[in-house]
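Participant: need a 3D model of the sequence below.
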Amino acid sequence: MSIVSSSKKDIRHRNDDCNCEENDTATQKTISAERAKYCDELYSVSGEVVKCETNYNGQMTLYEVKKCLFTWTEDNYRRYRNTEICVGTELLQSNDLIKENVSNYIKWSNDLSAALKNIFKSFKDVKTKLSDLRDAACKLENCKNDSCNCTQMIILTGDIPENCKDNNSGQQGNRPAECNDAKDILDDLICKPKALGFDADYIFKAAADVIGIQVFSNIGTLEPLQKALKDDSTAFEKHIMETMTARAGDLKKAQDDLVKAVQETTKSAAGLYNKRSDHEGLLCTTKFICCPKCDCVHEDQDVCKPRLEKCKDEICEICEEVKETFCTDGCNDGESKAS
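Facilitator: A predicted model of the protein is given here:
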């Protein structure tokens, strides 16, 4: 039964004479007058119960809204906090390491560039000197092939060159043993400078290519890229920190609002239960005193004897029941031990 429908019955309780047989007696009139007061109070409390129920329902709705807001705000704050810890901090630390590595790479690149330039310069000097050596070898070869030098070649090598076979002016004679490999040495002096000249050209070109590759790698461009990464990382971290600070404030406010909503809901629930208890007590009271029958009164006894002795005993029994109901220190323990 709703409180609204119950309040309508409360009005009928107030106007109901309960069909008592002794409505005109002074005792019944006194009881009816007191009952009317309880009925008026019951009607008033009925309205307060409806008011408390409405307030409680509203507080519960507000509590659910505040709880959702707190949950959403907390989840949003945690997302930014975890991002700052796992991404922002790692990004800043990685940027410091990248900056250190880029500085090392640029230094190594500069050192490598200087070393390559020195090597290139050295190869250039070697190539120039080998060019002179190759020119000398060519001159030596020309002298060797000159027919005017047939006599010297025969004496020096002990062999008659092809262009000197018609020239009998040279005499081989007895030659020292140290001169047996003179022809081979002379041939080496002519051919080796040519080979070394080609090798010098290859090395010179390779050195130029390596320098070109090193210049093309352009390690110096890493520095502005690293600075751009640092600026972007700093801006990202600043945004995360500002947002996280704002969300922390929102979370604190949402928590305070939720705590207040819990407090107000608790107060509203306690107030509702109190009013319901008051209403139930008043309703039972009005029903009880409608036409109360005192069964404990002995009407047929001798007028010279007390009539309310049984009432006293029943009241004492009620007292014992109340003691047992609100007992907090083991009331039955003593009786059980005594028995």
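
Participant: who touches stretch 127-138?
Facilitator: Here stretch 127-138 makes contact (CB atoms under 8 Å, 6 or more residues apart in numbering) with 189, 190, 191, 192, 193, 194, 196, 197, 200, 201, 204. All C-beta atoms are positioned from the backbone trio N, CA, C, and that covers glycine.

Participant: quick one, domains of this protein?
Facilitator: 3-293, 294-328 (automatic domain parsing).

Participant: can you say which of these is packed in most?
Facilitator: Here the criterion is mean neighbour count by mean count of other CB atoms under 10 Å, and of the domains of the chain the winner is domain 3-293, at a mean of 14.

Participant: gap between it and the chain center?
Facilitator: Centroid displacement of domain 3-293 relative to its chain, using CA atoms, centre = their mean, to the nearest Å, is 11 Å.

Participant: which helix in the chain runs the most residues?
Facilitator: The helix spanning the most residues in the chain, taking DSSP state H as the definition, is helix 222-288.

Participant: pLDDT on that helix, on average?
Facilitator: Helix 222-288 shows an average pLDDT of 91 in the prediction.

Participant: what about the helices in this structure?
Facilitator: Under the criterion DSSP H, the chain contains helices at 3-15, 26-83, 89-145, 150-157, 182-217, 222-288, 309-325, 331-338.

Participant: just put these in a markdown table and tack on distance to residue 176.
Facilitator: Listed next are the helices of the chain as a markdown table, based on distance: least, CB to CB, whole Å:
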| stretch | distance to residue 176 |
| --- | --- |
| helix 3-15 | 143 |
| helix 26-83 | 92 |
| helix 89-145 | 20 |
| helix 150-157 | 11 |
| helix 182-217 | 10 |
| helix 222-288 | 68 |
| helix 309-325 | 144 |
| helix 331-338 | 139 |
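
Participant: one step back: which of the domains of the chain has the lowest mean pLDDT?
Facilitator: The bottom spot among those, by mean pLDDT, belongs to domain 294-328, with a mean of 72.

Participant: state the distance from residue 237 to residue 83.
Facilitator: Distance, residue 237 to residue 83, using CB to CB, to the nearest Å: 10 Å.

Participant: now residue 257
Facilitator: Taking CB to CB, one finds residue 257 at 25 Å from residue 83.

Participant: tell me how far the residue nearest to the spatial centre of the chain lies from residue 248.
Facilitator: The centroid of the chain falls nearest to residue 82 when counting by CA atoms, centre = their mean (1.5 Å). Note on residue 82: its distance to residue 248, by CB to CB, is 13 Å.
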